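>>> curious how this folds, go ahead:
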Amino acid sequence: MEVLKVSSRSVPNSVAGAICGVIRKGNSVEIQAIGAGATNQAVKAVAVARGFLEPEGIELICFPAFGQVTLNDEERTAMIITCEKR
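Numbering: from 1, shown residues only. Coordinates of the predicted model:
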């Protein structure tokens with residue numbers, strides 16, 4: 001599973017393109033976002049990716065959860081969205 005880290009400054013269309021690239025290869029992707037702004041960008045990216053993949057007959061499903069990630073040697077709570085092809 002590939003991991004994408006999203007910040008509040010991430011461009012949703014760019015993140016969506018990265019999500020689509022992983023999904024087209026047949027892999028699943030884990031999107032990690034810390035904070036409200038980053039989570040907002042991540043959710044927008046997932047919505048855009050669904051739109052990119054739909055015409056190809058690929059249905060993207062996602063499972064949101066909270067998890068712990070290490071950032072600068074510090075444990076932080078992150079929104080983790082796991083996406084895969086159905």
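>>> what segments of the chain are helices?
12-24, 36-53 (DSSP state H).
>>> let me know which of those helices is the nearest to residue 68.
Proximity of the helices of the chain to residue 68 was assessed by Cβ to Cβ; the nearest stretch is helix 36-53, lying at 15.4 Å. Placement of C-beta: from N, CA and C, glycine included.
>>> for the closest one, which positions count as buried?
Of the residues in helix 36-53, those scored as buried under the neighbour-count criterion (16 or more other Cβ atoms under 10 Å) are 38-46, 48-50, 52-53.
>>> got a markdown table for the helices of the chain, with distance to residue 81 and mean pLDDT too?
Formatted as a markdown table, these follow (distance: least, Cβ to Cβ, whole Å; pLDDT from 0 to 100):
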| stretch | distance to residue 81 | mean pLDDT |
| --- | --- | --- |
| helix 12-24 | 10 | 95 |
| helix 36-53 | 6 | 96 |
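>>> cool, thanks, talk later.
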